[in-house]
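Undergrad: have a look at this prediction, sequence included:
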Amino acid sequence: MSYLQLDQLTKSYAQQTILQNINLNLNQGEFLALLGPSGSGKSTILKLLAGIEAADAGEMRLAERLLNPVPAHQREIVLLFQQPYLFPFLSVAENIGFGLKARKEPKKLIQQKVAELLELVELGGMQQRKPQQLSGGQQQRVALARALAVQPKVLLLDEPLSSLDPEIRVNLQGVIARLHRELHMTTIIVTHDLSEALALAQRTALLINGEIIADLNSIELFERPPNRAAAQFVGVGAIIVGHMQGPTFCSSLGQFNGNFAPNTRHVAIRPEHIQINDQPQPQTIAAQIIERRYLGERWEYRLQTNEQIVVARETVQAIREIGQTVYLHFPQQSIFALND
Ligand SMILES: Nc1ncnc2c1ncn2[C@@H]1O[C@H](COP(=O)(O)OP(=O)(O)OP(=O)(O)O)[C@@H](O)[C@H]1O
């Protein structure tokens, strides 16, 4: 049985359904990214788990214990928000030790734990500072250390890095990844940023309009999203419409053989797997470049074929011109089927 279980969770606000039959299972020590666009209900899932909001239906269990009736402060689940919400008049050390002091732990033990946590979040030497004397990234580290101090069973992170500069963000991603490696705490991070999910979590659940539409290994979600909605969210080079004829998928962009189900109606390919040729070759189709942008290390081209727009990316070689006609090849091994 899974360590953390969400079973058929449903939540509405003012008759608007926000979450619809959410099922999620996490093993102890697992790190899951809850990914989705703004307003999809990600934060609401964390609030239900933390006990800030009550579910309309469904059950939540932690180590087999039913969580629904348990008050927030007895759940052993901590939720870290986008803003660190530190106590402004307390020092860094007092902020980190706050939960332990509230539990009336011995002073010596608090001091020892705070010192350990300061090292863990790389804030050694800053224990006497007040929150306003810290940068945003440092404040978020203090909030993280304070959350970890009480040794929760589950750590919930609600876009904790989204208000930080990119460089600090990457640095803190490193801190979070290392903490997870060292402490093995069962963790869910909410993010709308696919690259963050890929950087941190081995597994990603994709939430769209209050429904989990994919829940799988993060790299697999990126490389081979299982359905059209997931493909649109993670961004593919083309979603190709067609039909199966025997073992072959037939479409206006080509014929592809793969291990596709007989009812397959859509296949896709990642933009970096589409090959761009200057001259027509066997199994290529003509396309005109209509836009281009530099992504750093790669150029991304939007191309118009007779049928549809295709996005392709290639590592920088010669820069191709807008208006130029090129010939696209879709390697068979890179084509994957999408569920509807
Ligand atoms: N207390 C509330 N009362 C009414 N509606 C709410 C309440 N809290 C959230 N909502 C609505 O529920 C929906 C989901 O909100 P939620 O914060 O869970 O989304 P999210 O995916 O975390 O979005 P974001 O990435 O923007 O934080 C939104 O449409 C929001 O307006």
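TA: Nice, I can see it.

Undergrad: residues from the stretch 1-150 of the chain in reach of the ligand?
TA: Within the stretch 1-150 of the chain, the residues that sit near the ligand (C-beta under 6 Å from any ligand atom) are 13-14, 18, 36, 38-44. C-beta here means a position set from N, CA and C on the backbone, and glycine is covered the same way.

Undergrad: columns neighbour count, pLDDT and secondary structure on top of those residues, output as a markdown table?
TA: Listed next are those as a markdown table, based on neighbours: other C-beta atoms under 10 Å; pLDDT from 0 to 100; DSSP: H, G, I helix; E, B strand; the rest coil:
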| residue | neighbour count | pLDDT | secondary structure |
| --- | --- | --- | --- |
| Tyr13 | 11 | 93 | strand |
| Ala14 | 5 | 89 | coil |
| Ile18 | 19 | 95 | strand |
| Gly36 | 24 | 96 | coil |
| Ser38 | 7 | 92 | coil |
| Gly39 | 12 | 92 | coil |
| Ser40 | 24 | 94 | coil |
| Gly41 | 24 | 95 | coil |
| Lys42 | 25 | 96 | helix |
| Ser43 | 21 | 95 | helix |
| Thr44 | 22 | 96 | helix |
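
Undergrad: tell me the one among those residues nearest to Gln138.
TA: Of all those, Gln138 sits closest to Ser43, with 24.0 Å by C-beta to C-beta.

Undergrad: so what's that closest one up against?
TA: Residues near Ser43 by C-beta atoms under 8 Å, 6 or more residues apart in numbering: 158-159, 190.

Undergrad: out of these, who's the most crowded?
TA: Highest neighbour count within the contacts of Ser43, by other C-beta atoms under 10 Å: Val190, with 26 neighbours.

Undergrad: any low-confidence regions in this protein?
TA: Along the chain, segments meeting pLDDT under 70 span 318.

Undergrad: helices along that one, start to end?
TA: For the chain, helices defined by DSSP state H occupy the ranges 42-50, 92-102, 107-120, 136-149, 166-183, 194-200, 218-223, 228-234.

Undergrad: restricting the selection to alpha carbons, write the first one to CSV.
TA: The C-alpha atoms that make up helix 42-50 are tabulated as CSV, following Å, rounded to 0.1, in the frame of the first residue of the first chain:
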residue,chain,number,x,y,z
LYS,A,42,-2.5,22.5,-8.1
SER,A,43,-2.4,24.6,-4.9
THR,A,44,-5.9,23.3,-4.0
ILE,A,45,-4.5,19.7,-3.8
LEU,A,46,-1.7,20.9,-1.5
LYS,A,47,-4.2,22.8,0.7
LEU,A,48,-6.4,19.7,1.0
LEU,A,49,-3.4,17.6,2.0
ALA,A,50,-2.2,20.2,4.5
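
Undergrad: and the end-to-end length of stretch 27-46?
TA: Across its full length, stretch 27-46 reaches 17 Å between end residues, using C-alpha to C-alpha, to the nearest Å.

Undergrad: ditto for stretch 52-72
TA: Between the start and the finish of stretch 52-72 there is a gap of 7 Å, counting by C-alpha to C-alpha.

Undergrad: quick check: buried residues in that stretch?
TA: 53, 55, 58, 60-62, 67 (16 or more other C-beta atoms under 10 Å).

Undergrad: tell me how far that stretch is from the chain's mean position?
TA: How far stretch 52-72 lies from its chain's middle: 24 Å, per C-alpha atoms, centre = their mean, to the nearest Å.

Undergrad: kindly report the same for stretch 48-60.
TA: In terms of C-alpha atoms, centre = their mean, the centre of stretch 48-60 is set 21 Å apart from its chain centre.

Undergrad: if I pick the residue in the stretch 101-250 of the chain positioned nearest to the ligand, what's in contact with it?
TA: As assessed by C-beta to the nearest ligand atom, the ligand sits closest to His192 within the stretch 101-250 of the chain, at 5.2 Å. Neighbouring residues of His192 by C-beta under 8 Å, 6+ apart: 35-38, 42, 159, 162.

Undergrad: much appreciated, bye for now.
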